[in-house]
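In: Model the structure of this input:
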Amino acid sequence: MLDLVIVGAGPAGLSCALAAHNHHLDYQILEKGNIVNAIINFPVNMTFFSTADQLEIGGIPFTSAGFRPTRQEVVKYYHNLATHFGFEVRPDFCVDRIERKNGHFEISAVHRDKSHKIESRKVVLATGFYDNPNRINVPGEEQGHVSHYYHEAFPFFGRNVVIVGAKNSAVEAALELFRNGAHVTMIHRRPEIKDSVKYWILPDMLNRIKEGSIKAYFNAEVTRIMPGRVEIIQNGTDLEIPADAVFLLTGYHPDTGLFDSAGIQYDPESLEPEIDLKTHETNVPGLYIAGSLVAGKNHNRVFIENSREHGEKIVQDIVSNPY
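Out: Residues are numbered from 1 along each chain as shown. Below is the predicted model:
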């Protein structure tokens, strides 16, 4: 019987692990991939919006070569953090069910095709949302040249690339692809790119659209994806756009499967769970939520920098109420 199981080894999960370590709890992190798996799968050349000091956990200094750290620097920092403190991480454990039984929790997980049962007095969900892309539900979405994730530009030199969406990830991908020789077209269902896009890249994107270097179709939606082309409708007009590759960068959402199995109450529209903001405990006694999962679909409200304290809040409550 563990004191605590933490589901997810992103920054929020690591903050919980550090607090558990400092309070001498018997804990484990169960992670479906590896430590900071989502960040590992971010675009290769990504630069973070936050500065290095805003990503620090537990007062362990994080320095970067530039004003804002790169994906590689961030991954390395969190890996070093896990090594330094000897975090108890079990990688490749996919948790598929959490049940409260007889005053404690039974966590079901699959590891290398084998089922495992782990028992714990307390549980923290810190799974984030990056593994669950928002689908656009059109014919052709499952084809091999279509992806909900962008990694790097080099494979698309000289090719026609369609990007669906116009938030930060979509804009950054469009600019990087353009500057590495791809022929980029952006499709966005709204009339313009919102000014919530990072302030230092928004003017760049708008100027590229204005000069025609990047084509953009606003008030438009994809209706079908075919080999070599995308069909869209814009203001009632059907159009075809050449596409050797399609990136559906339309955002991500939390997986509520664990909410349902554990009995966590949440808003059906926003997917925001009901928690006590002082302790992060849900309506299920002993089950807590940390990180971006706290905000449901509204994940632009919760970042690494403003969720680093979640772990200490949660563990303080666990220590005060161990049973």
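In: In this structure, which helix is the longest?
Out: As assigned by DSSP state H, the longest helix anywhere in the chain is helix 71-85.
In: Nearest to the spatial middle of the protein, which residue is it?
Out: residue 130 (2.9 Å; C-alpha atoms, centre = their mean).
In: need the contact list for it.
Out: Contacts were defined as C-beta atoms under 8 Å, 6 or more residues apart in numbering; by that measure residue 130 touches 38, 41, 252. The C-beta positions use only the backbone N, C-alpha and C, and glycine is treated the same way.
In: Could you check how far the last one is from residue 63?
Out: This points to residue 252. Residue 252 sits 30 Å away from residue 63, going by C-beta to C-beta, to the nearest Å.
In: Mind checking which of the two has more residues around it?
Out: residue 252 (20 against 10; other C-beta atoms under 10 Å).
In: Model confidence for the more buried one, exactly?
Out: On pLDDT, residue 252 comes in at 93.
In: wait, doesn't it sit right on residue 133?
Out: Yes: the criterion here is C-beta atoms under 8 Å, and residue 252 meets it with residue 133 at 5.4 Å.
In: how about the residue nearest to the centre of the chain, secondary structure?
Out: Of the three states, residue 130 takes coil under DSSP: H, G, I helix; E, B strand; the rest coil.
In: Which pLDDT value belongs to it?
Out: As predicted, residue 130 sits at a pLDDT of 91.
In: now do the one 5 residues further on
Out: Per-residue confidence for residue 135 comes out at a pLDDT of 96.
In: Not counting residues beside it along the chain, what's closest to it?
Out: residue 141 (6.4 Å; C-beta to C-beta, 6 or more residues apart in numbering).
In: ok, how many other residues are close to the one you found?
Out: Neighbour count for residue 141, taken as other C-beta under 10 Å: 15.
In: thinking again about what came up before, now for the longest helix of the chain, which elements pack on it?
Out: When contacts are defined as 3 or more C-beta pairs under 8 Å, 6 or more residues apart in numbering; DSSP states H and E, helix 71-85 sits against helix 11-22, helix 37-40.
In: Check those for me and report the most buried one.
Out: Greatest average neighbour count among the helices and strands packed on helix 71-85 goes to helix 11-22 (a mean of 26), per mean count of other C-beta atoms under 10 Å.
In: and the nearest residue to residue 66 once chain neighbours are set aside, what are its phi and psi?
Out: Spatial nearest neighbour of residue 66, excluding adjacent residues (C-beta to C-beta, 6+ apart): residue 47 at 7.4 Å. With angles defined as degrees, to the nearest 10, residue 47 sits at phi -110, psi 130.
In: Hmm, residue 47 is touching residue 68, no?
Out: Yes: the pair residue 47 / residue 68 is scored as a contact, 5.1 Å apart, by C-beta under 8 Å.
In: for residue 286, what are its contacts?
Out: 100, 104-105, 121-123 are the contacts of residue 286 under C-beta under 8 Å, 6+ apart.
In: Can you check the pLDDT for residue 321?
Out: The model's pLDDT for residue 321 equals 87.
In: er, residue 308 actually
Out: In this model, residue 308 is scored at 89, pLDDT.
In: who does the longest strand that the chain contains touch, helix- and strand-wise?
Out: Criterion DSSP state E: the longest strand present in the chain is strand 114-125. Other elements packing on strand 114-125 under the criterion 3+ C-beta pairs under 8 Å, 6+ apart are strand 2-7, strand 27-31, strand 104-111, strand 287-289.
In: Give me the helices and strands touching whatever helix or strand comes next after the shortest one, please.
Out: Past strand 287-289, heading to the C-terminal end, the next element that is a helix or strand (DSSP states H and E) is helix 310-320. Using 3+ C-beta pairs under 8 Å, 6+ apart, the elements in contact with helix 310-320 are strand 2-7, helix 11-22, strand 287-289.
In: which residues sit against helix 310-320?
Out: Contacts of helix 310-320 (C-beta under 8 Å, 6+ apart): 3-4, 12, 14-20, 22-23, 25, 57, 122, 124, 126, 278-281, 288, 290-291, 294.
In: ok so, going back, against residue 283, how distant is the residue nearest to residue 66?
Out: From residue 47 to residue 283 the distance is 39 Å (C-beta to C-beta).
In: which one of those two has more residues nearby?
Out: Of the pair residue 47 and residue 283, residue 47 is the one with more neighbours under other C-beta under 10 Å, namely 18 against 14.
In: need the contact list for the more buried one.
Out: 66, 68-71.
In: Which residues does the helix or strand hosting residue 223 contact?
Out: If you go by DSSP H and E, residue 223 is part of strand 220-226. Outside strand 220-226, the residues that touch it by C-beta under 8 Å, 6+ apart are 136, 138-141, 143, 146, 164, 187-189, 230-235, 238-239, 243, 246.
In: Provide the strand pairings for it, with the direction of each partner.
Out: Note on strand 220-226: by DSSP bridges, its sheet partners are strand 228-234 (antiparallel).
In: From residue 288, how far off is residue 253?
Out: Taking C-beta to C-beta as the measure, residue 253 falls 20 Å from residue 288.
In: Those two: which has the busier surroundings?
Out: Remark: of residue 253 and residue 288, residue 288 carries more neighbours, 27 against 17, as counted by other C-beta under 10 Å.
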